[in-house]
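Participant: Structure here, sequence nowhere to be found:
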């Protein structure tokens, strides 16, 4: 990451629309890196707070996005399609648009309907906190995060390449290229179902006759397992509703495994319990212990976009990510990292 | 906590039987505080490791417990009843015995059958880690922990009082007095069910076609929600099996809340989802934000033991704890803390 005005992206004019926890963190990082960046939020108090933190925050969305090269859409999920249509109208065709929403199919379909797939790249940085708002935002919140971008075949690859380079340079991002539907399936298990389990554990505790004793005994397992139940309820509800069918599908899979654990417990079957926990532990070990091997992959800038996108999506599907994207004299060169099999 | 030889408990001779993560941490803290303490473990390599850390670790359990004033039983749950019977035989009637197992009814019933309720005080410090063994143990692991002790009516109150004072002085413990059955019900929600949910989430992920992409996208919610799935599988299985019926009952309650969340999601019912998450969030807020008020409660040392135990258990049931127990000239004086209602 660079702390002064950046080389390749020096002079880029950016805007962030919706400056809550994630948008505010994008805004603060871009400002810290010396980019010409402005933030806008529908809430006047939030705009004032942004100004107090030294960021330009004009009064209208029109002023915020005028003449910008890239706009990050960071408002609540249900507002994204409307904001996308508005911002597209207010900006030039060369302005790259992206979002940071936690589900991708809905907004990708909206972009398709609006004819914006050539310059809108659906995005999702995998970071956050149960806190909310610009006051909780930080220029380092997204540093080094896995950041999903969804490349679309055809001309959209240009926007994807440019944005990948920017996120790597300014956020030290590990860019994970995926189709919107693969993202939503993986995110259902990686984030959305965990929110359901946390809500169920905290909710059942709230109703328990021994609630106060449970809270006193709460060990790390309880504290960790309920943490995201502290997320603002509307944000969680929007996230789940925005990915409803995939979340319900993955929840069924998790319930299936839970049924197996409960059946082994009910049957006093220690070997079956141990075997299932050994299986679960393998995923946990892989989470902390995976190794990656690097490779460089080149494509012609004006070559077979479909082949490039197929390779990119395949990389994300197997858990890989990008840490570089250079475009030089007709060649685009990706630095890719693939997990080594356990 | 005291770092030299302690005042009130100076000269106490202690033994720790089973020196894994928890037992090892008890052992290292007692040694650090200057007590005359020895550790014993059935594994010769573990005994050698204890000696390398400067602790006396004799070759036999007989040598370890001979002449001791207090013995902490810290072996695996299925071994506790047998070890309790053996150590009781090897020690004088005045030697206080306790354990650190994660379920309490089974071992309390074993003590009752063995006629040891006058000197065995079932215990459970609410701390741990997904790591295991003496190498992961630390003199500070249990510092400030909520530490359940189960007082039995009658003569056993003496042992409870003495041990409470020792844990407060040497571990800065918040001693939570509960009946064994109330402990096991509360611990089912506070620790055991969270282990089931973590196992289910990690296990379903291990089986998912997009496993590697899920791990790449894994946000804090997934990492936190699966952490205890990294616990050694046999330890988790023993814990669940040792509290089977209560765990299955509390799991049903959690599933009930989960069913409600899933039904609201399936019905696209945002207000119902938000309402349920607001309920869940209340438990989470109480976890981090509870305030406590202190009180002192006195009993005659040789007075109505049943009334004392009833008060103690009631304190634990409502989420309270003890930070002091002094016995002076015929009076026992407890320093108690009660949570203030939300």
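Facilitator: Here it is on my side, so go on. Just so you know, these numbers come straight off a predicted model, no measurement behind them. Residues are numbered from 1 along each chain as shown, chains lettered A, B, ... in the order given.

Participant: When you work out contacts or count neighbours from here on, use the C-alpha atoms and nothing else.
Facilitator: OK.

Participant: Need the distance between the two termini of stretch A:226-239.
Facilitator: Length of stretch A:226-239, first residue to last, Cα to Cα, to the nearest Å: 17 Å.

Participant: Only the buried residues of that stretch, if you could.
Facilitator: Residues of stretch A:226-239 classed as buried under the neighbour-count rule (16 or more other Cα atoms under 10 Å in any protein chain shown) are A:226-234, A:236-239.

Participant: where are the low-confidence patches of chain A?
Facilitator: Residues of chain A meeting the criterion pLDDT under 70: A:1-6, A:128-130, A:342.

Participant: Can you tell me the centre-most residue of it?
Facilitator: By Cα atoms, centre = their mean, chain A has its centre lying nearest to residue A:124, at 2.2 Å.

Participant: Test my guess that that residue contacts residue A:149.
Facilitator: Yes. With contact taken as Cα atoms under 8 Å, residue A:124 and residue A:149 are classed as touching, separated by 6.6 Å.

Participant: ok, which stretches of the stretch 201-342 of chain A are strands?
Facilitator: A:292-300, A:321-328, A:331-339 (DSSP state E, counting those that start in this stretch).

Participant: Show me what the first one pairs with in its sheet, parallel or antiparallel.
Facilitator: Put plainly, it is strand A:292-300. When pairing is defined by DSSP bridges, strand A:292-300 lines up against strand A:331-339 (antiparallel).

Participant: Residues touching the partner strand, excluding its own?
Facilitator: A:290-301, A:315, A:318-327, B:212 (Cα atoms under 8 Å, 6 or more residues apart in numbering or on different chains).

Participant: still on that earlier bit, okay, the strands of the stretch 201-342 of chain A in a markdown table with mean neighbour count next?
Facilitator: Converted to a markdown table, the strands of the stretch 201-342 of chain A look like this (neighbours: other Cα atoms under 10 Å in any protein chain shown):
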| stretch | mean neighbour count |
| --- | --- |
| strand A:292-300 | 13 |
| strand A:321-328 | 20 |
| strand A:331-339 | 19 |
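
Participant: For residue A:100, which of those is the nearest?
Facilitator: When those are compared by Cα to Cα, strand A:321-328 sits nearest residue A:100, at 17.4 Å.

Participant: Domain map for chain A?
Facilitator: Split into domains by automatic domain parsing, chain A comes to A:13-178, A:184-288.

Participant: most packed of these?
Facilitator: Neighbour counts (mean count of other Cα atoms under 10 Å in any protein chain shown) averaged over each of the domains of chain A peak at domain A:184-288, with a mean of 23.

Participant: how long is that one end to end?
Facilitator: 22 Å.

Participant: Run the chain-centre distance for that domain.
Facilitator: 21 Å (Cα atoms, centre = their mean, to the nearest Å).

Participant: Over to stretch A:12-24?
Facilitator: With Cα atoms, centre = their mean, you get 14 Å for stretch A:12-24.

Participant: List the neighbours of it that are in contact with it.
Facilitator: Contacts of stretch A:12-24 (Cα under 8 Å, 6+ apart): A:25-27, A:35-42, A:46, A:61, A:64-65, A:67-76, A:100, A:128, A:131-138.

Participant: Check which helices and strands the longest helix anywhere in chain A sits against.
Facilitator: Looking across chain A with DSSP state H, the single longest helix is helix A:244-266. Applying 3 or more Cα pairs under 8 Å, 6 or more residues apart in numbering or on different chains; DSSP states H and E, one finds that helix A:244-266 contacts helix A:180-187, helix A:193-207, helix A:270-289, helix B:193-207, helix B:244-266.

Participant: so which of these comes closest to residue A:107?
Facilitator: helix A:180-187 (9.0 Å).

Participant: What lies in contact with that closest one?
Facilitator: A:102-105, A:108, A:122, A:148, A:150, A:243, A:246-247, A:250, A:317, B:210-211, B:213-214, B:217-218.

Participant: and with 7 Å instead?
Facilitator: For helix A:180-187, contacts defined as Cα atoms under 7 Å, 6 or more residues apart in numbering or on different chains pick out A:103, A:104, A:105, A:108, A:150, A:243, A:246, B:210, B:213, B:214, B:217.

Participant: show me what contacts the fourth one?
Facilitator: In this structure, residue A:108 makes contact with A:122, A:180, judged by Cα under 7 Å, 6+ apart.

Participant: any idea which helix or strand comes after the host helix or strand of it?
Facilitator: Using DSSP states H and E, residue A:108 maps to helix A:105-113. Where DSSP H and E defines the elements, the next helix or strand beyond helix A:105-113 is strand A:120-121.

Participant: who does that following strand touch, helix- and strand-wise?
Facilitator: Packing partners of strand A:120-121 (3 or more Cα pairs under 7 Å, 6 or more residues apart in numbering or on different chains; DSSP states H and E): strand A:96-99.

Participant: Tell me the strands beside the strand it packs on, with direction?
Facilitator: strand A:70-73 (parallel), strand A:120-121 (parallel).

Participant: Show me the contact partners of the helix or strand encompassing residue A:164.
Facilitator: Per DSSP H and E: residue A:164 is located in helix A:156-171. The contact list for helix A:156-171, computed with Cα under 7 Å, 6+ apart, reads A:1-2, A:9, A:96, A:117-119, A:121, A:142-144, A:151, A:173-175, A:305, A:323-325.

Participant: by how many degrees do it and strand A:321-328 diverge?
Facilitator: Relative orientation of helix A:156-171 and strand A:321-328, computed by axes from the mean of the first three to the mean of the last three Cα atoms, to 10 degrees: 110 degrees.

Participant: ok now helix A:156-171, how far from the chain's centre?
Facilitator: 15 Å.

Participant: after that helix, next one along is what?
Facilitator: Using DSSP H and E, the next helix or strand after helix A:156-171 towards the C-terminus is strand A:174-177.

Participant: Excluding sequence neighbours, find me the nearest residue to residue A:224.
Facilitator: What sits nearest to residue A:224 in space, not counting adjacent residues and going by Cα to Cα, 6 or more residues apart in numbering or on different chains, is residue B:224, at 5.0 Å.

Participant: surely the one you found meets residue A:228?
Facilitator: No. Here residue B:224 does not reach residue A:228: they are 9.0 Å apart, not a contact under Cα atoms under 7 Å.

Participant: circling back: residue B:197: which of the contacts of helix A:180-187 is nearest?
Facilitator: residue B:214 (17.1 Å).

Participant: what about the closest one, distance to residue A:49?
Facilitator: Residue B:214 is 36 Å from residue A:49, by Cα to Cα.

Participant: Same check on residue A:191?
Facilitator: 30 Å.

Participant: cool, and residue A:316?
Facilitator: 37 Å.

Participant: and if you look at residue A:223?
Facilitator: For residue A:223, the distance to residue A:49 - Cα to Cα - is 32 Å.

Participant: One more: residue A:306?
Facilitator: With Cα to Cα as the criterion, residue A:306 and residue A:49 are 44 Å apart.

Participant: Residue A:317 now?
Facilitator: Noted for residue A:317: a distance of 40 Å to residue A:49, by Cα to Cα.

Participant: likewise residue A:203?
Facilitator: Distance, residue A:203 to residue A:49, by Cα to Cα: 34 Å.

Participant: Many thanks, we can stop here.
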